[in-house]
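In: Fold the following, please.
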Amino acid sequence: MDATKIVEALQAPFPPEDIEWRVGSTNKDKTKGLALAYITNRAIQNRLDEVFGPFGWQNQFKEWKQGSQLCGISVKFGDEWITKWDGADDSNQEATKGGLSDSMKRAAYQWGIGRYLYKLPRIWVEIEPIGRSYKIKNKPILPSWAVPKGCKQGSSEAHYEEQHTGPDISIPATIRAKWTTLVGNENALPEQYDAWRNEGKTDQQIEQILTEKIQEKNGTKGNGPTGNGTASEKQRKAIFAIAKSKGLNEENIKQLIQYLNHKQSTSELTSNEASDLISLLNQVERDELLAMISNSRGPDFGKSIDISDDDLPF
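Out: Below is the predicted model:
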């Protein structure tokens, strides 16, 4: 097969029996949950066998960091072996085995295997408790584009579309905003938030984790060297211009900087920190930004002030 046909074969959808489901975020009364779809490791192995043959691929594992595993899937293309890596944290049950399994799934996504599952609309389903967790009562029906041609799986695709709109995910605005600052979108947040809560972490602990990751990303953890230049005047002006357009005042911006970066003003920000703040201001709604500030500084947001495009209050 040429490269194009290989890619098509790897990315082809799987039959429903090769898809496993688990509960992501839940509603407040724990009666419905977000259904998350995954391919099984057996299906990954079968797909690699079909495309490359039993002797045309291999996998290897490495311990990544404490409590995490890396998996590399190598395939033979022509005379060359090509490897793609990804990793996962150990799971709560059968920790290392779970980490190995999840890291292989993630490595398979790097090759396009099962990646289409990320395009599924959010689907909320009825759930029931099982131990300290929850399970899905009835297996969801996938839309027709997410199954092989000619595959029969139930009464109607409308069942899936009807369910995918559901209750808002009960993730605090402060966590959503920090995640957006770190990652750029909320696509993977429900799954990660659910994993953290299943580990027993509180929302406050999750916020602290995200704060530390933002600091690591920006090179500011521990107030050490930043590794990049200070924010430019253009960036600082952009921060205040966006803030003004959203009805935020000078004190709001100070509180936001203190909350995210443990600094006092835009003049102390690095270029990377300023870019992340601009991205946050562009992507997060005013009420969520105020909720973030309120969570750390109290409910007094002060009065609105006019900010000139040529003026930098601090």
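In: so where's the chain shaky on pLDDT?
Out: Where the chain drops to pLDDT under 70, the residues are 91-98, 154-170, 198, 218-228, 291-314.
In: And the strands in it, which stretches?
Out: Secondary structure of the chain (DSSP state E): strands at 19-26, 32-39, 57-63, 68-77, 80-89, 124-130, 133-136.
In: by contact count, what packs against the third one?
Out: Spelled out, that is strand 57-63. strand 68-77, helix 95-110 (3 or more CB pairs under 8 Å, 6 or more residues apart in numbering; DSSP states H and E). Any C-beta I mention is one placed from the backbone N, CA and C, and that applies to glycine too.
In: could these go into TSV alongside mean neighbour count and distance to W196?
Out: What follows is the helices and strands packed on strand 57-63, written out as TSV (neighbours: other CB atoms under 10 Å; distance: least, CB to CB, whole Å):
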stretch	mean neighbour count	distance to W196
strand 68-77	19	15
helix 95-110	19	15
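In: Surely F240 touches I253?
Out: Yes. Between F240 and I253 there is a contact at 7.0 Å, judged by CB atoms under 8 Å.
In: Give the residues shared as contacts by the two.
Out: Common neighbours of F240 and I253 (criterion: CB atoms under 8 Å, 6 or more residues apart in numbering): T266.
In: returning to that earlier point: let me know which of the helices and strands packed on strand 57-63 is the nearest to K135.
Out: Closest of the helices and strands packed on strand 57-63 to K135 is helix 95-110, at 16.6 Å (criterion: CB to CB).
In: Which strands and helices lie in contact with that closest one?
Out: Using 3+ CB pairs under 8 Å, 6+ apart, helix 95-110 sits against strand 32-39, helix 41-52, strand 57-63, strand 68-77, strand 80-89.
In: ok, back up a step: which of F240 and I253 has more neighbours?
Out: I253 (24 against 21; other CB atoms under 10 Å).
In: how about that one, what does it touch?
Out: I253 neighbours (CB under 8 Å, 6+ apart): I239, F240, A243, T266.
In: what separates it from T181, distance-wise?
Out: Distance of I253 to T181, given as CB to CB, to the nearest Å: 14 Å.
In: what's the burial count for K213?
Out: Neighbours of K213 using other CB under 10 Å come to 16.
In: Name all residues that make contact with it.
Out: L182.
In: and if you look at P15?
Out: V147, P148, C151.
In: What of K137?
Out: V125, E126, I127, E128.
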